[in-house]
Each structure stands twice: as C-alpha cells, then as structure tokens.
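>>> need the 3D shape of this:
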Amino acid sequence: MRRETAALYAGTVAVYADMYVTQPVLPVISREFGVGPARAGLTVSAVVLAVAAASSFYGPLADAIGRRRVMAGSTALLALATLACAFAPSFSVLLVLRAMQGVLVPGVTAVSVAYAGDRFRNADLPAVVGGIIAASVVGGLAGRVLSGAITANAGWRAAFVAFAIVTLAAALALARGLAPATGAPVIGWASATRGMLGHLRDPRLLGAYLVGASLFFGWIGIFTYLPYHLAGAPWHLTTGQISAVYLVYAAGVVASPIAGRLAGRIPPRRLIGIGLVVEALGMLAALAGSLPLAIAGLLVLVLGTFTAQAVAPGFVNVTARTAKGGASALYLTFYYVGGTLGSAVPGLALHAAGWPGVVATCVAGVGVGFVANWLLCGRPPRGRAPV
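Below is the predicted model of the structure:
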C-alpha cells in the first residue's frame, strides 16, 4: 500500500507543479518575448483550459485500457512536453506546448482517485484521497515557489528542465509502483463512454460535480483578484508582500489528510457541507478592515475549501457503480470549468462593486454548491439510506 500511495502522491505533485511553473515568472516571460501581462498570463490559462477540455477523455480511456497504463504513459509524455517548453523559440510555440501539457495532466488528475477506489478498501479510501489532495497542494506550491527560485538563479528555461526531470521520475514511480487495478474490470471504450454519460443522469453525482465547480469558482475568484485588493487602499502592499499572503495555501496540506480520515467516521456529505460553509465564512471574513483579520479569513477559506475538496472526489468514486474513471473525470471537468468561470465572472464584479462585489459573487457560487450538496447529493439510491 505504501509503495502505491507514494507513487500516486509523486505523480500528483509532479503534474500540479508543471501546471503552475510559469505563474510566478510571468514578468520574465513578458520581457523575453515582448508580450504584455495579459498575453503572458495565457501560459497559465492555456493549461487550465486544456485540463478542463481533456479531463472527460481520460475517464473512458482508463476504463478501457487500464489506469496504470494511462497514468504512467501520460506522465512520461508530460515530461517530454515540459522539456520542450524549455526550448520554445517563440511565445506562440510556448503557448502550444503549455496547452499540450494541459492535455496530458488529466492522465493523472482524472484517473488517480478511480485507481485508488479500485485498489483500496472503503475504510482506507478517504485517507488515500485526502493524501492525493494534499499532494496537489504541495505540487501547486512547488510549481510556484521553486520555479521562481530557479528562474532567479538560472533562468526560466532551466526551471522547465528541472520540472521535466522531476516529472520523468514521477512517471517511472507510477510505472513501477502501481499495480494493475483489480477492483474493477476493464471495459470497452463504448461502454465506458456510455457509463460516463449515465453519470450525468445520477442526481447524486451531478450534485457532487456542481460542488466541485463551486469550490474552484470561489477559490479562483478570491485569489485571482486578491492582489488588486491588497495593493490598493488602505494597505498598499508590495508584490513581495502580496506573494507572502499566498502562503496561507499551505494550510491545505494539513486540512486535506485530516478531512480524508474524518470521512471514515463522519458522513462525507456532512463534511462537504461543513467545508462549504467554512469556505463562505472565510470569504466574508476577508472583507475585514484589519489586514490580520482579512488574512485569517483567507486561512479559514483554505481550510474550508480543502475539507470539502478532500472528500468530494471520494464520494464520487463510491457513488459511481460503474465507469468510475469516467465519474472522476467528469468531476475534474466540472471543477476546472468552475475555475475558468471563477477567473472571469468575479472580475466583472470587481469592476462594478470593488472587492465586496468579488466576495459576494464568490459566496454566491459556493452557495450553489451547498444547495447541490443538500438537495442532490442526499438522494439515496434505491434500497439505501442517504450518505
């Protein structure tokens, strides 16, 4: 079990680090290629959009040919795409390669929970899923922090080389550490696709998908437009100070495994509801006129977000009776579509009503997830009590 979970966590850290490697070095990329901030930012959004678009493809593929093969193969290809980014001769080529990375990332992110559901007992699954979510936090932090440090000393191209090596090592760990999933039979592509489409007709799964979308909508909305709030009156924080505020993200490393373990004792739907409420309360606290209180609110937001996010994918895996890879892939698709909307819609609110408008929009988005969890996820399957 330890070897398998270590491989799952290594793959998760690597792919999430690759997603965010350009985020802290956008000004450097702007200078290198002579593009403005908005165009440089496409090196991040291209990955996120590609992940959202490709996620639904990997579920049926993994159901059809096996999860280990998909995870190890896509990670190996991701290492090549990451290395190619280091040699991009133009911004357009870099953008295409970043989109290619995004297409390959869901080979792990959309399949890992389904693999865990096949291999681990229900009693162990919540803790394993919580560990996967914690690994995603570590990967996101590594991509942001280490790429900046490497760029400062050796340039942004060296950062891509370093992360390509890490990703290749993760691919080898997945190939050697994972076993063929025996908990579910491999099914044909057509059957896998039909099973995935059938998940959308299950109100419990649809509710969980809306929960995922609302979680990332609120998260991205708050943290995307936070710099405008902190850089303005009354605090006027510098870029370095604003970057330090983002360290509250690390609280997810603690919250995720704890929530995963609690899911074995507390009904998952209840934990999801608690997480959503805590997330919304943290957003409201971020309205505080005191900077320490506002940062404390962001910390609460992180704890609430990752409490729910550590539990929801496992709920999807247990609820889906067939085509579990497709079920997990759909969750990820909704999750990133919510994030895409969260990066745009609250910006309109910022223009119209300032930071309070951003917070109100994000709280409303989280409210959609709460209602979905309450009304849809609680519908019991025939002959069973609600979870």
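>>> now the residue nearest the centre of the chain: closest residue in space that isn't a chain neighbour?
With distances taken as CA atoms, centre = their mean, the residue of the chain nearest its centroid is residue 136 (6.8 Å). Leaving out its chain neighbours, the residue that sits closest to residue 136 by CB to CB, 6 or more residues apart in numbering is residue 16, at 4.9 Å. Every C-beta, even on glycine, is put in place using the N, C-alpha and C of the backbone.
>>> quick one: contacts for that neighbour?
By CB atoms under 8 Å, 6 or more residues apart in numbering, residue 16 lies in contact with 105, 109, 135, 136, 138, 139, 140, 142, 143.
>>> what about residue 93, which helix or strand?
helix 91-104 (DSSP states H and E).
>>> helices or strands up against that helix?
helix 2-19, helix 26-33, helix 42-65, helix 67-85 (3 or more CB pairs under 8 Å, 6 or more residues apart in numbering; DSSP states H and E).
>>> rerun at 10 Å
helix 2-19, helix 26-33, helix 37-40, helix 42-65, helix 67-85, helix 156-177 (3 or more CB pairs under 10 Å, 6 or more residues apart in numbering; DSSP states H and E).
>>> and stretch 81-99, how far out from the chain middle?
22 Å (CA atoms, centre = their mean, to the nearest Å).
>>> one more: stretch 3-19?
With CA atoms, centre = their mean as the basis, stretch 3-19 stands 13 Å off its chain's centre.
>>> for stretch 363-376, same thing?
Using CA atoms, centre = their mean, the distance between the centre of stretch 363-376 and that of its chain works out at 19 Å.
>>> in that stretch, what counts as buried?
Buried residues in stretch 363-376, defined by neighbour count with 16 or more other CB atoms under 10 Å: 363, 364, 365, 366, 368, 369, 370, 372, 373, 376.
>>> redo the residues you listed as TSV? Include pLDDT and secondary structure.
Output for the buried residues of stretch 363-376, formatted as TSV (pLDDT from 0 to 100; DSSP: H, G, I helix; E, B strand; the rest coil):
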residue	pLDDT	secondary structure
363	98	helix
364	98	helix
365	97	helix
366	97	helix
368	97	helix
369	97	helix
370	97	helix
372	97	helix
373	96	helix
376	92	coil
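>>> export these as a markdown table, with columns for distance to residue 150.
Converted to a markdown table, these look like this (distance: CB to CB, whole Å):
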| residue | distance to residue 150 |
| --- | --- |
| 363 | 37 |
| 364 | 39 |
| 365 | 35 |
| 366 | 35 |
| 368 | 39 |
| 369 | 37 |
| 370 | 41 |
| 372 | 41 |
| 373 | 41 |
| 376 | 44 |
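>>> which of those residues sit farthest apart?
363 and 376 (19.9 Å; CB to CB).
>>> phi, psi for residue 287 please.
Residue 287 adopts backbone torsions of phi -80, psi -10, taken as degrees, to the nearest 10.
>>> okay, now it: neighbour count?
15 (other CB atoms under 10 Å).
>>> please apply the same query to residue 356.
The number of residues near residue 356, taken as other CB under 10 Å, comes to 12.
>>> next: the one 3 residues further on.
The criterion is other CB under 10 Å. On that basis, residue 359 has 26 neighbouring residues.
>>> tell me the contacts of it?
218, 221-222, 225, 229, 280, 283-287, 297, 346, 349-350, 353 (CB atoms under 10 Å, 6 or more residues apart in numbering).
>>> residue 207 reaches residue 331, doesn't it?
No - taking contacts as CB atoms under 10 Å, residue 207 lies outside contact range of residue 331: 11.1 Å.
>>> mutual contacts of these two, please.
Shared contacts of residue 207 and residue 331, defined by CB under 10 Å, 6+ apart, comprise 312, 315.
>>> picking that back up, tell me which residues in whichever helix or strand comes after the helix holding residue 93 are buried?
Later in the chain than helix 91-104, the nearest helix or strand by DSSP H and E is helix 106-109. By 16+ other CB under 10 Å, the buried positions in helix 106-109 come out as 106, 107, 108, 109.
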